[in-house]
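>>> I'd like to go over a predicted model; first the sequence, then the structure.
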Amino acid sequence: MLNSSKAVTPKSTIVVGLGNTLMCDEAVGVKLVQALETTVARNFPAVEFADYGTAGMRVLHGIANRQKAVIVDCALMNTPPGTIRRFMPDDVRSIKGMPGFSLHEGDLLSILEISEQLGERPPEIVIFGIEPATVAPGEELSQKLAAKFNSYLEMVRQELQE
Amino acid sequence: MPNSVDINVHHITRVEGHGNIRVRATDGTIEQVEWQVPEAPRFFEAMVRGRDFQDIQTIVSRICGICSVTHSLASLKAVEDAMGITVSDQTDKLRILAHYGEQIESHSLHVGYLVAPDLLGVKSVVPLIESHPDVVKTIIRVHRLGNDWMELIGGRRTHPVSLRVGGMGMIPSERELMALKKDIQERIPDVKTIAEVVLSLADKLPDFNRDTEYIALTDPDYYTFYHGDIASTDVADTQPVGNFESVVNEYVVDQSTAKWAKWHRDSYAVGALARFNINGDQLLPLARKTADMFGLEKGCCNPYMNNVAQLVEIVQVMEHSIQLIDELLEAGLENEFANPKPRAGNGAGAVEAPRGILFHRYEFDDNGKCLGGNISIPTNQNHGNIQKDFESLVPQMIERPQDEIRMALEMLVRAYDPCISCSTHMLNVEFV
């Protein structure tokens, strides 16, 4: 723990929303976490809600030494647009093509691997992947995802109640 | 025997832009050497049109998760320039401090996670955790410092909320600043350790030099990332930031949908090495010592040494941060309640991103509604120079094995620390 760290005692669970709010459905993870923070956060005092936007590598620090991490992100899963799936990191493998040229390439699964190797990975990690309908410049979710937004919220909320 | 080469480092995913490397040669005759950048069209300029001047920072901070403070500050400076708003000395210092957190985070991530694996001959940082655990943990400690630092000054770990037009939306307490100073002091030995590790592997950095024009901000008072005018290593005169379009001179090439840039030559370079080559005389003592460890001197034209210049800059911003914190504490912190009034105007702002100079320009009507914007990112300014480096390096290496050429070119691209495929980061998975 750093002397200047804001969090004196990190909360045992963190919910991380990832995505770019300028790219339509890419933002769904961020929008869900923002909505949870304003609607239900007070019911979950042991949960930190974190909008990490497109700063994927910061997940490494955010989840370190927690009991549980819930990560909500837009995901290409070869499922119909709007589909939400709950899975563990070991349930999937990344097929993301990354040439390793730039820090700006983010692959959540490799970050989780680094976390494990460092011995910092939470014992429980749950990922909610949401298949996008539209990934293009824009600040609104597609109609497809917007129509299902409340059901996504409910799924993540239930995850925190368990 | 003359070599035949066919290198095609090509990565296309469904939605992301990546840089591609293409080299072809037959019996030692080079037929194609290209750095190709299929970048998505730039849409941010359209997104800010019609928005209130106080919302611009919130929008542009989302362009990039790694450079979000830099984009925020460039936009704030442009808005303030357009509206004739000046900020306090305290705000200036806190902004620079927030920006330094980003520099540390980005530079340490780049040197540790992308460059170190190259120098140690592995594909990524993951195997290094097992083979060099102390090195990786040291890098992560420094990276983590930058991460927490930005939360302290920026109000959150990413996409800062405290950086506002005319002032700071929130300020750290004196106790928090003192704690940050202590953290910085405790991490300086870690950076020295990282520098020693890189120094022990420095012979792995290719000895390639090409006379290059370097561009960066310069300020008479200090090694700047935030204030000052635009300088070039080619000419003595500087240009005000308001003239940045006449510096960047964007142009289109067939091999790239990203625009390229040129000033006094066909291309120029921006980034840590550019800043060092222009402002290296202004380094603080520990940073100077770090540069001396590597024999890094002004006038260096080896693009691979950008990685070393980044290390030097980590030390520089740590040293300067300690000075800034002392000055802030001595003056005493005061809450600021900026209430900027809009007016019509056109303004430009420049800030040095970790990977080079970033320009923003906006125009506003009387009510502060944005009429248009223009953003010139450092990576686009470097594309033409990467191409020129390729054209110089490949003939020098053409008799070497293909894998060695490919590796040298990939390392070269990485040395520029480019920002590509920034707009989307989604998972792409299959279930097993």
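Nice, I can see it. Predicted model only: the values in this text are computed from it and were never measured.
>>> distance between the helix-or-strand element of chain A with minimal mean pLDDT and the chain's centre?
In chain A, no helix or strand scores lower on mean pLDDT, DSSP states H and E than strand A:92-94, which sits at a mean of 82. Chain-centre distance of strand A:92-94: 16 Å, with CA atoms, centre = their mean, to the nearest Å.
>>> around chain A, which positions in the stretch 101-250 of chain B sit nearby?
B:106, B:109-110, B:113-114, B:123-126, B:129-130, B:136-137, B:140, B:143-145, B:147-149, B:151-152, B:156-159, B:176, B:179-180, B:182-183, B:186 (CB under 8 Å from any CB of the partner chain). No exception for glycine: its C-beta is placed from N, CA and C like everyone else's.
>>> from these, list just the buried residues.
Among those, those classed as buried by 16 or more other CB atoms under 10 Å in any protein chain shown are B:106, B:109-110, B:113-114, B:124-126, B:129, B:136, B:140, B:143-145, B:147-149, B:151-152, B:156-159, B:176, B:179-180, B:183.
>>> what about A:Glu48, neighbour count?
Residues lying near A:Glu48 (other CB atoms under 10 Å in any protein chain shown) number 18.
>>> my error: substitute A:Ser151 in the last question.
10.
>>> which residues are contacting the helix or strand hosting it?
Element membership of A:Ser151 [criterion: DSSP states H and E] is helix A:143-161. Applying CB atoms under 8 Å, 6 or more residues apart in numbering or on different chains, the contact partners of helix A:143-161 are A:13, A:15, A:25, A:28, A:31-32, A:35-36, A:39-40, A:44, A:47, A:70, A:72, A:81-82, A:84, A:86, A:126, A:128, A:130, A:132-134, A:140-141.
>>> out of these, which end up buried?
Using 16+ other CB under 10 Å, the buried ones in the contacts of helix A:143-161 are A:13, A:15, A:25, A:28, A:31-32, A:35-36, A:40, A:44, A:47, A:70, A:72, A:82, A:84, A:126, A:128, A:130, A:132-134, A:141.
>>> related to what we said a few turns ago, so which of the contacts of helix A:143-161 belong to strands?
A:13, A:15, A:47, A:70, A:72, A:84, A:86, A:126, A:128, A:130 (DSSP state E).
>>> name the nearest of those residues relative to B:Asp118.
The closest of the ones in strands among the contacts of helix A:143-161 to B:Asp118 turns out to be A:Val72 (CB to CB; 33.5 Å).
>>> which residue is the nearest non-sequential neighbour of B:Phe337?
B:Gly167 (7.5 Å; CB to CB, 6 or more residues apart in numbering or on different chains).
>>> quick one: the one you found and B:Thr91 touch, right?
Yes: if you go by CB atoms under 8 Å, B:Gly167 and B:Thr91 touch, sitting 4.9 Å apart.
>>> which neighbours do these two have in common?
With CB under 8 Å, 6+ apart, B:Gly167 and B:Thr91 have common neighbours B:Glu336.
>>> and these two? which has more neighbours close in?
Using other CB under 10 Å as the criterion, B:Gly167 and B:Thr91 rank with B:Gly167 on top: 22 against 19.
>>> need the contact list for that one.
By CB under 8 Å, 6+ apart, the neighbours of B:Gly167 are B:87-88, B:91, B:336-338.
>>> restricted to strands, list those residues.
Counting by DSSP E, the contacts of B:Gly167 contribute nothing to strands.
>>> state the pair within these that is farthest apart.
Greatest spatial distance among the contacts of B:Gly167 (CB to CB): B:Val87 and B:Phe337, at 12.8 Å.
>>> okay, the two: which has more neighbours?
Using other CB under 10 Å as the criterion, B:Val87 and B:Phe337 rank with B:Val87 on top: 20 against 8.
>>> just to check, that one is in contact with B:Glu80?
Yes: with contact defined as CB under 8 Å, B:Val87 reaches B:Glu80; the gap is 6.7 Å.
>>> quick check: neighbours shared by these two?
Taking CB under 8 Å, 6+ apart as the contact rule, the neighbours common to B:Val87 and B:Glu80 are B:Gly166.
>>> circling back: what packs against the next helix or strand after the least confident helix or strand of chain A?
Per DSSP H and E, the first helix or strand lying C-terminal to strand A:92-94 is helix A:108-117. With contacts taken as 3 or more CB pairs under 8 Å, 6 or more residues apart in numbering or on different chains; DSSP states H and E, helix A:108-117 sits against helix A:58-63, strand A:92-94, helix B:126-131, strand B:427-431.
>>> closest one to A:Glu120 among the ones you listed?
Shortest distance between A:Glu120 and the helices and strands packed on helix A:108-117, using CB to CB, is found for helix A:58-63: 7.5 Å.
>>> now do the closest one, average pLDDT.
Here helix A:58-63 scores 92 as its mean pLDDT.
>>> any part of it near chain B?
Yes: interface with chain B: helix A:58-63 contributes A:58, A:60-62 (CB under 8 Å from any CB).
>>> I'd guess B:Ile96 is in a helix, am I close?
Yes: with the criterion set as DSSP: H, G, I helix; E, B strand; the rest coil, the secondary structure at B:Ile96 is a helix.
>>> the strands in the stretch 201-350 of chain B, which residues?
B:215-218, B:229-232, B:251-253, B:256-260, B:345-353 (DSSP state E, counting those that start in this stretch).
>>> what would those strands look like in TSV with mean pLDDT and mean neighbour count?
Shown next, in TSV, are those (pLDDT from 0 to 100; neighbours: other CB atoms under 10 Å in any protein chain shown):
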stretch	mean pLDDT	mean neighbour count
strand B:215-218	98	25
strand B:229-232	98	22
strand B:251-253	86	12
strand B:256-260	79	21
strand B:345-353	98	23
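>>> now these as a markdown table including distance to A:Ile95?
Formatted as a markdown table, the strands of the stretch 201-350 of chain B follow (distance: least, CB to CB, whole Å):
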| stretch | distance to A:Ile95 |
| --- | --- |
| strand B:215-218 | 39 |
| strand B:229-232 | 43 |
| strand B:251-253 | 31 |
| strand B:256-260 | 25 |
| strand B:345-353 | 31 |
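>>> tell me which of those lies nearest to B:Glu245.
strand B:345-353 (8.6 Å).
>>> in stretch A:116-125, what's buried?
Those would be A:117-118, A:121-122, A:125, for stretch A:116-125 by 16+ other CB under 10 Å.
>>> burial of residue 37, as a residue count?
Picking chain A for this. Using other CB under 10 Å: A:Glu37 sits among 18 other residues.
>>> look at chain B instead
23.
>>> what residues are up against it?
B:17, B:19-20, B:255-258, B:383, B:420.
>>> in the stretch 251-400 of chain B, what residue spans correspond to helices?
B:272-279, B:285-293, B:306-331, B:378-397 (DSSP state H, counting those that start in this stretch).
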